[in-house]
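In: Next come a sequence and a model predicted from it.
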Amino acid sequence: MNTGSPDAPTEEALRIYLEEFLMDPFVIDLPLPLRYALVHWAILPKRPAQSAEAYQAIWTENGSPLVHYCTRLADGLGAEVGMAYGTPSFKQATENLLAQGVDEICLLPLFPQYAMATVGSCVAGVKKVLGNRVTLRVAPPFYREPTYIQPLADALKEVDEHILFSYHGLPERHLKKTDPTGGHCLASANCCTTESPAHATCYRHQCFETTRAVVEAAGIPPERYSVSFQSRLGRAKWMEPYTDAVLQELPTRGIKQLAVICPAFFCDCLETLEEIELRGQETFLEAGGESFRMIPCLNDTPAAFQCLEQLIKNAGQWPAL
């Protein structure tokens with residue numbers, strides 16, 4: 001499973017997609033009346049047109065890059081692909097498996113780090129469709145899985161520029177809801193450095209652990225990289241530092257050559273291709289930067305298949321829900 005994309009880069013298709021996406025209580029965790037008012041009165045009147053323009057900038061002859069890559073991965077692994085929102089739908093994928101008479105379904109959300117709005121939503125959606133008909137097993141977060149870390153490190157070993165690790169951000173209230181450490185990760189500038197069972201749902205901790213693993217494997221010293229969080233929406237406080245602010249600030253520190261990598265995304269999508277590679281580059285260069293490049297996600301490369309094959313080998317040991 002992955003988040004999904006609209007069926008077309010049009011205002012009409014975006015209105016349908018955004019309504020489904022934003023009305024998910026795992027995404028906007030407000031009481032239903034407030035969520036409905038926010039989505040239908042504040043967001044949907046203007047956002048579909050803006051988002052359609054963004055999707056048009058990355059749309060290809062294969063359609064949505066995210067759906068294209070995820071479909072190729074699923075086909076190569078002999079798996080079903082389902083998106084949390086839009087098509088191909090996870091509901092249809094689940095029913096396809098049930099029609100084969102399976103007695104167990106293994107769910108692999110393509111998100112290396114756990115977040116309520118991504119993995120939590122995927123699990124809840126599939127559980128609702130399944131009911132008690134079969135056993136559901138869910139892959140644990142793979143934020144430190146060597147076959148995920150090593151390709152990212154390999155992509156950075158020959159990079160001479162300063163490196164920005166940009167992760168998808170979350171509202172701080174999401175972190176507090178899912179952080180069993182009582183907000184310690186949120187309060188600590190360096191995040192927790194000790195792994196414990198409490199971190200199974202701490203998104204911020206897992207992002208920093210991914211970064212630590214990658215820079216260690218690539219031999220990158222601390223002064224050569226930064227970490228930030230992108231894609232904030234609305235007025236609520238989100239995880240900091242914000243990527244757009246960091247892109248503006250780096251040239252003032254004398255950092256004029258930049259490479260950006262987005263380890264929260266397994267496949268390239270709107271957030272990497274449009275938000276970072278297009279708009280992020282523009283922000284950095286206008287602030288005084290001289291060169292900018294985006295490090296691609298694993299997408300449908302041999303390394304991507306190797307990573308997923310390794311995860312799937314252990315599917316029998318994934319937790320049953």
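Out: Arrived safely.

In: From here on, just use CA atoms for contacts and neighbour counts.
Out: Noted.

In: Put the alpha carbons of stretch 214-232 into PDB.
Out: C-alpha atoms of stretch 214-232 as PDB (Å, rounded to 0.1, in the frame of the first residue of the first chain):
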ATOM      1  CA  VAL A 214      22.600   6.300   6.200                       C
ATOM      2  CA  VAL A 215      25.400   8.800   7.200                       C
ATOM      3  CA  GLU A 216      27.200   6.100   9.000                       C
ATOM      4  CA  ALA A 217      27.000   3.700   6.100                       C
ATOM      5  CA  ALA A 218      28.100   6.500   3.700                       C
ATOM      6  CA  GLY A 219      30.800   7.900   5.900                       C
ATOM      7  CA  ILE A 220      29.300  11.400   6.000                       C
ATOM      8  CA  PRO A 221      30.500  13.700   8.800                       C
ATOM      9  CA  PRO A 222      28.000  15.800  10.800                       C
ATOM     10  CA  GLU A 223      28.900  19.100   9.200                       C
ATOM     11  CA  ARG A 224      28.100  17.800   5.800                       C
ATOM     12  CA  TYR A 225      24.300  17.200   6.300                       C
ATOM     13  CA  SER A 226      21.200  18.700   7.700                       C
ATOM     14  CA  VAL A 227      17.700  17.300   8.500                       C
ATOM     15  CA  SER A 228      14.400  19.000   7.900                       C
ATOM     16  CA  PHE A 229      10.600  18.300   7.500                       C
ATOM     17  CA  GLN A 230       8.400  19.200   4.500                       C
ATOM     18  CA  SER A 231       4.800  19.400   3.400                       C
ATOM     19  CA  ARG A 232       3.200  21.200   6.200                       C
END
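
In: same question for the longest helix anywhere in the chain, mean pLDDT?
Out: Under DSSP state H, the helix in the chain containing the largest number of residues is helix 203-218. Confidence for helix 203-218, expressed as mean pLDDT, is 95.

In: pLDDT below threshold where in the protein?
Out: Screening the chain residue by residue with the criterion pLDDT under 70, one finds the ranges 179-199.

In: Could you chop it up by domain?
Out: The chain breaks down by automatic domain parsing into domains covering 11-142+313-317, 146-294.

In: I'd like those domains laid out as CSV, including mean neighbour count.
Out: Formatted as CSV, the entries for these read as follows, by neighbours: other Cα atoms under 10 Å:
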stretch, mean neighbour count
domain 11-142+313-317, 17
domain 146-294, 18
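
In: Tabulate these in JSON lines, adding columns for distance to residue 302.
Out: As requested, the domains of the chain are exported to JSON lines (distance: least, Cα to Cα, whole Å):
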{"stretch": "domain 11-142+313-317", "distance to residue 302": "10"}
{"stretch": "domain 146-294", "distance to residue 302": "10"}
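
In: nearest to residue 301, of those domains?
Out: Nearest to residue 301 among the domains of the chain is domain 11-142+313-317 (9.0 Å), distances taken as Cα to Cα.

In: Nice, that's everything, thank you.
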